[in-house]
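# take this sequence and fold it.
(one chain, ligands or ions: 2)
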Amino acid sequence: MNLTDILYKVATTLPLTSEQANLFVSGITDNSSEVTDGDLFIAIKGVNQDGHDHIQTAIQKGAAAIIGEQIAPLLSIPYIQVENSRKTLAWAAKNFYGDPSQRKTVIGITGTNGKTTTSFLLKHLFEENGQSCSLIGTIQNVINDEVIPSRNTTPSALTLYKLLAKSKDDVVVMEVSSHGIDQYRIEGIEFDCCLFTNLHHEHLDYHGTMEAYFEKKAVLFNQLKENGVAIINTEDDWGEKLAMDLKHKGTTVITVGSNKENVLCLKDFQAQNPSVTVIESGEEATVTSPMVGIHNLYNTVMAYATAYRFGVTKQQITHTLPLFAGVGGRFEMTKLPNGVTVVIDYAHTSDALYYCLTAARSQGATKLIHVFGFRGDRDESKRTDMLRVSSIISDRYILTHDDLNSVSPSEMTHTLEKLNQSFGNEKGIVVPDRSLAIQHAIHSSSSGDWVIITGKGIESYKQVVQLETNSDKETVQLITHHQELRPNL
Ligand SMILES: CC(=O)N[C@H]1[C@@H](OP(=O)(O)OP(=O)(O)OC[C@H]2O[C@@H](n3ccc(=O)[nH]c3=O)[C@H](O)[C@@H]2O)O[C@H](CO)[C@@H](O)[C@@H]1O[C@H](C)C(=O)N[C@@H](C)C(=O)N[C@H](CCC(=O)O)C(=O)O
Ligand SMILES: Nc1ncnc2c1ncn2[C@@H]1O[C@H](COP(=O)(O)OP(=O)(O)OP(=O)(O)O)[C@@H](O)[C@H]1O
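Numbering: from 1, shown residues only. Ligands and ions are numbered 1, 2, ... in the order given. Prediction:
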């Protein structure tokens, strides 16, 4: 494709010369190590590296032209200066891959919690009822039934456009993170439907304030197609604000919440066998969640509201919801032979912990023993709230290491001890090694107790642990199959 077509709708600092305009490029990349002969290399000043430092490598590997934000350096090949390289990457990919979101039904889900669960529910509902569905999100990408590992919740613009172009599925359901929006990964995508699940204290290390975090999430809804629809959980105050803002702009908004003003009005929440009555246009329907917890009831209703608008009947939804197998690492329950229930959950905000721990209570847990920690280099301001929630709801908690990232083990252990002394209420201990913390929790529990392990879900450990396991699930399996593994604390 020639540069004129690739740069359609991209503002360049200077108009393209005729030599540049007619230049044919065979592909696009922003990674110098992936350049092949004839590619366009787009230099991005990133969070850790600056692509402009890798321009010479790109040329050596055969790049046909370079785009960057810096004033034109002296190069042996054409260089085009733009104001924003990340945005340019997205538009170049959109043009190169033939604007794939125009040709598909694209559904975007944003919010702090519930994106992955809701996206899996939607894929299930579509596919059980005759529509094939691609999935793009945290756990994996699934395109035309092929599982493609995912690096980010929302992939880079280039990857995203490639995935959309590859998809032959009827519908694409994708998770949209605030980082993804901020870094122009969804720039140019047009959505048929956007969902807002909730907004809780998270990622303030990146966004600074809840207002800034909200404003970033709200950008997604500017990318609705002309006849697109927003589906918003107004039980959440930020959701209510978003719904009002969008209605003022004339967007079609389907609100979901317990207030009678909502398009889908919810009443009679049942926690033990989670179900809720949904009233829409005067008609009542009972929606039963296939997963434990009030939070999953919300996720189920959001999926119900969406699938219905895209061709799945209410009866089909009711029949196929119970067949949903759940999502790995999201309230994943194992009943041990001794009557203890172990739950592995991905909660890493105080609200998620609240929902997760109260879900276990609603199922009749005798004692709740909670194992959790905090990621190194991530929002530190949420830690005390998380600890407070656990120290109020659980009977005992064990603070342990989550991903340390660049923090040293001793520094994190010190942080956990300090937090425990200042904000715990004498229910907690610190066991730094995650596998030993889980072992301790399981060995100190008895029939009727629930051990809740949060933070990692199905993710692999980033550190080596003493029991030589690689995930919370593996640790639980090892401990339960080898009862002789006594705690070594
Ligand atoms: C910190 C951060 O957000 N980084 C994201 C960002 O990376 P970046 O482009 O700034 O990367 P960089 O390493 O600084 O490199 C800059 C440029 O130099 C280029 N380069 C670099 C080296 C080289 O030899 N040659 C070269 O050309 C790179 O290809 C890149 O174009 O843009 C990349 C492409 O879009 C992302 O993959 C990457 O996500 C990293 C892996 C990450 O961990 N991000 C997290 C914070 C994140 O985005 N999380 C959200 C979910 C949050 C949630 O839980 O809700 C997500 O959507 O995943
Ligand atoms: N609707 C909800 N409200 C509050 N908490 C929820 C909700 N849904 C899920 N959770 C909690 O959040 C955790 C993560 O859920 P899920 O993976 O579906 O969300 P996510 O938005 O994709 O999260 P992330 O962005 O961190 O990947 C769950 O394990 C659960 O503890």
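# most proximal residue of the protein with respect to ligand 1?
Gly46 (2.3 Å; C-beta to the nearest ligand atom). (Glycine included, C-beta is placed from N, CA and C.)
# which helices and strands does the helix or strand in which Gly228 is found pack with?
Taking DSSP states H and E as the criterion, Gly228 maps to strand 224-233. Judged by 3 or more C-beta pairs under 8 Å, 6 or more residues apart in numbering; DSSP states H and E, strand 224-233 is in contact with strand 191-196, helix 237-249, strand 252-257, helix 294-309.
# buried residues in that strand?
224, 228-233 (16 or more other C-beta atoms under 10 Å).
# what of stretch 468-482?
469, 471-476, 478-480.
# was I right about Thr469 contacting His481?
No - counting by C-beta atoms under 8 Å, Thr469 does not reach His481; the two are 11.5 Å apart.
# how close does Leu353 get to Tyr346?
Separation of Leu353 from Tyr346 (C-beta to C-beta, to the nearest Å): 11 Å.
# anything in contact with each of the two?
Contact with both Leu353 and Tyr346 is made by residues Thr454, according to C-beta atoms under 8 Å, 6 or more residues apart in numbering.
# before we move on, back to that, reformat the buried residues of strand 224-233 as a markdown table; add distance to Gly62.
Shown next, in a markdown table, are the buried residues of strand 224-233 (distance: C-beta to C-beta, whole Å):
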| residue | distance to Gly62 |
| --- | --- |
| Leu224 | 40 |
| Gly228 | 41 |
| Val229 | 45 |
| Ala230 | 45 |
| Ile231 | 46 |
| Ile232 | 48 |
| Asn233 | 49 |
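# what is the nearest of these to ligand 2?
Checking these one by one against ligand 2 (C-beta to the nearest ligand atom), the nearest turns out to be Asn233, at 7.5 Å.
# show me what contacts that closest one?
111, 196-198, 239, 256-257, 298, 302.
# among the helices and strands packed on strand 224-233, which is nearest ligand 2?
helix 294-309 (3.6 Å).
# those residues of the stretch 301-450 of the chain touching ligand 2, which are they?
Neighbours of ligand 2 within the stretch 301-450 of the chain, by C-beta under 6 Å from any ligand atom: 330, 345-347, 351-352, 355-356.
# now for these, which pair is the farthest apart?
Arg330 and Asp351 (14.6 Å; C-beta to C-beta).
# ok, how many other residues are close to Ile452?
Ile452 has 28 neighbouring residues, counting by other C-beta atoms under 10 Å.
# doesn't it belong to a helix?
No - Ile452 is assigned strand when assessed by DSSP: H, G, I helix; E, B strand; the rest coil, not a helix.
# from here on, count from 3
Taking 3 as the first residue, the last one we looked at is Ile454.
# what distance do you get for it to Gly53?
43 Å.
# per-domain residue ranges of this protein.
Structural domains annotated on the chain: 5-95, 102-325, 334-483, as defined by automatic domain parsing.
# tabulate those (a markdown table), appending mean pLDDT.
What follows is the domains of the chain, written out as a markdown table (pLDDT from 0 to 100):
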| stretch | mean pLDDT |
| --- | --- |
| domain 5-95 | 95 |
| domain 102-325 | 96 |
| domain 334-483 | 95 |
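# dump the residue contacts of Val433.
Going by C-beta under 8 Å, 6+ apart, Val433 touches 400-402, 439, 442, 491.
# out of these, who's nearest Lys420?
Leu401 (10.5 Å).
# about what we covered before: could you say which of the helices and strands packed on strand 226-235 is packed most deeply?
Ranked by mean neighbour count, the helices and strands packed on strand 226-235 are led by strand 193-198 with a mean of 26 (mean count of other C-beta atoms under 10 Å).
# that one: partners in the sheet, and parallel or antiparallel?
Using DSSP bridges, the strands paired with strand 193-198 are strand 107-112 (parallel), strand 226-235 (parallel).
# tell me what the helix or strand just after it is packed against?
With elements assigned by DSSP H and E, the helix or strand that comes after strand 193-198 is helix 206-209. Counting contacts by 3+ C-beta pairs under 8 Å, 6+ apart, helix 206-209 packs against helix 180-184, helix 212-220.
# which stretch among those helices approaches ligand 2 most closely?
Going by C-beta to the nearest ligand atom, the one of the helices and strands packed on helix 206-209 nearest ligand 2 is helix 180-184, 9.2 Å.
# pull the CA atoms of the closest one into CSV?
Extracted C-alpha coordinates of helix 180-184, given in CSV (Å, rounded to 0.1, in the frame of the first residue of the first chain):
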residue,chain,number,x,y,z
SER,A,180,-7.9,2.7,30.7
HIS,A,181,-4.2,2.2,29.8
GLY,A,182,-5.3,1.1,26.4
ILE,A,183,-7.5,4.2,25.9
ASP,A,184,-4.8,6.5,27.2
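# and it, how far from the chain's centre?
Centroid separation between helix 180-184 and its chain, computed with C-alpha atoms, centre = their mean, to the nearest Å, is 11 Å.
# anything in that helix near ligand 1?
Yes - using C-beta under 6 Å from any ligand atom, helix 180-184 reaches ligand 1 at 181-182.
# report whether that helix contacts ligand 2.
No - under the criterion of C-beta under 6 Å from any ligand atom, helix 180-184 makes no contact with ligand 2; the nearest approach is 9.2 Å.
# equivalent analysis for stretch 216-224, please.
No - applying C-beta under 6 Å from any ligand atom, one finds stretch 216-224 separated from ligand 2 by no less than 11.3 Å.
# need the contact list for Ile73.
Per C-beta under 8 Å, 6+ apart, neighbours of Ile73: Gln83.
# and Thr351, how far from Asp270?
Taking C-beta to C-beta, one finds Thr351 at 27 Å from Asp270.
# quick one on the thing from earlier: quick one: which of the residues of the stretch 303-452 of the chain next to ligand 2 sit in strands?
Asp347 (DSSP state E).
# got the residues of the stretch 303-452 of the chain next to ligand 2 as JSON lines, with neighbour count and distance to ligand 1 columns?
Converted to JSON lines, those look like this (neighbours: other C-beta atoms under 10 Å; distance: C-beta to the nearest ligand atom, whole Å):
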{"residue": "Arg332", "neighbour count": "27", "distance to ligand 1": "14"}
{"residue": "Asp347", "neighbour count": "26", "distance to ligand 1": "15"}
{"residue": "Tyr348", "neighbour count": "23", "distance to ligand 1": "10"}
{"residue": "Ala349", "neighbour count": "27", "distance to ligand 1": "12"}
{"residue": "Asp353", "neighbour count": "21", "distance to ligand 1": "14"}
{"residue": "Ala354", "neighbour count": "25", "distance to ligand 1": "11"}
{"residue": "Tyr357", "neighbour count": "23", "distance to ligand 1": "17"}
{"residue": "Cys358", "neighbour count": "26", "distance to ligand 1": "16"}
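# just the residues of the stretch 303-452 of the chain next to ligand 2: which are in helices?
Among those, the residues falling in helices (DSSP state H) are 353-354, 357-358.
# start to end distance for stretch 83-102?
26 Å (C-alpha to C-alpha, to the nearest Å).
# does ligand 1 sit close to it?
No - using C-beta under 6 Å from any ligand atom, stretch 83-102 never reaches ligand 1; the gap is at least 7.6 Å.
# what separates that stretch from the chain centre, distance-wise?
24 Å.
# which parts of that stretch are buried?
Using 16+ other C-beta under 10 Å as the test for burial, stretch 83-102 gives 83-84, 86-99, 101-102.
# and if you look at stretch 16-36?
18, 22, 25, 27, 29-34.
# same question, stretch 267-274
267-268.
# convert it to CSV, retaining C-alpha atoms only.
The C-alpha trace of stretch 267-274 is given here as CSV (Å, rounded to 0.1, in the frame of the first residue of the first chain):
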residue,chain,number,x,y,z
CYS,A,267,-34.7,-2.3,36.7
LEU,A,268,-33.3,-5.0,39.1
LYS,A,269,-35.1,-6.2,42.2
ASP,A,270,-35.2,-9.2,44.6
PHE,A,271,-31.4,-9.9,44.6
GLN,A,272,-30.8,-13.5,46.0
ALA,A,273,-27.3,-14.1,47.2
GLN,A,274,-27.2,-17.8,48.0
